[in-house]
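Trainee: For reference, the sequence and a predicted model appear below.
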Amino acid sequence: MIANASVRRVATADLAADEVAAIRAILWAAFGDGDEAMTEDDWQHALGGTHVLVELDGRIVAHAAVVEREIHVGGTALRAGYVEAVATATERQGSGIGSRLMTDVGALIRDRYQLGVLGTGRHRFYQRLGWQTWAGRLFVRTTAGDRRTPDEEGDVLILPTPGSPPLDLTAAMSCDWREGDVW
């Protein structure tokens with residue numbers, strides 16, 4: 001981690017236009033043009049909560065958003081801090097900035113939520129920070145009932161908090177429906 005980097009938390013409503021532009025530039029560059037490319041739906045999922053920013057010399061170099069979602073685990077509704085839009089500026093990747101970012105995100109989730117949740121294919125990065133892979137079946141709650149989301153199974157991680165009930169990592173878990181990727 002670079003010594004003069006600082007971390008700041010900002011509500012979506014308090015982001016300035018130039019900060020939004022800087023965050024979007026980081027996200028679109030970091031995710032590239034392939035199957036994992038950032039989309040407008042992905043951006044919309046990151047709005048309405050708390051943005052955690054790492055700044056270096058007055059410039060945003062990393063971003064993650066934590067938004068509240070209701071996640072059901074084994075039939076129990078939990079208030080979850082769902083992590084969205086995690087990225088570090090491409091020229092700063094591998095410098096420890098992402099770890100610093102996610103350490104603060106973890107602290108935010110532990111302070112405010114019953115559970116942390118995120119979807120990723122980069123398990124090792126998150127697991128070393130305390131995140132655990134969810135081993136149970138995943139579902140999305142729709143007006144027509146719960147619908148299984150098998151393509152996401154194995155790619156959802158959770159972060160227990162002091163407010164978490166005892167968790168069975170093999171139980172069914174469901175999220176609320178939304179446009180774009182539901183997880």
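Mentor: Perfect, I can see it now.
Trainee: Quickly find the element holding residue 10.
Mentor: Residue 10 belongs to strand 5-11 when assigned by DSSP states H and E.
Trainee: Would you mind getting the angle between the next helix or strand after that strand and strand 5-11?
Mentor: Next helix or strand after strand 5-11 toward the C-terminus (DSSP H and E): helix 17-31. Using axes from the mean of the first three to the mean of the last three Cα atoms, to 10 degrees, the direction of helix 17-31 lies 110 degrees away from that of strand 5-11.
Trainee: For helix 17-31, list the C-alpha coordinates in PDB.
Mentor: Extracted as PDB, the C-alpha positions of helix 17-31 are listed here (Å, rounded to 0.1, in the frame of the first residue of the first chain):
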ATOM      1  CA  ALA A  17     -19.900  14.900 -11.000                       C
ATOM      2  CA  ASP A  18     -16.100  14.700 -11.400                       C
ATOM      3  CA  GLU A  19     -15.900  11.900  -8.800                       C
ATOM      4  CA  VAL A  20     -18.600   9.900 -10.700                       C
ATOM      5  CA  ALA A  21     -16.700  10.400 -13.900                       C
ATOM      6  CA  ALA A  22     -13.400   9.300 -12.300                       C
ATOM      7  CA  ILE A  23     -15.100   6.200 -10.700                       C
ATOM      8  CA  ARG A  24     -16.800   5.200 -14.000                       C
ATOM      9  CA  ALA A  25     -13.500   5.600 -15.900                       C
ATOM     10  CA  ILE A  26     -11.700   3.200 -13.400                       C
ATOM     11  CA  LEU A  27     -14.500   0.700 -13.600                       C
ATOM     12  CA  TRP A  28     -14.800   0.500 -17.400                       C
ATOM     13  CA  ALA A  29     -11.000   0.300 -17.800                       C
ATOM     14  CA  ALA A  30     -10.600  -2.400 -15.100                       C
ATOM     15  CA  PHE A  31     -13.400  -4.600 -16.400                       C
END
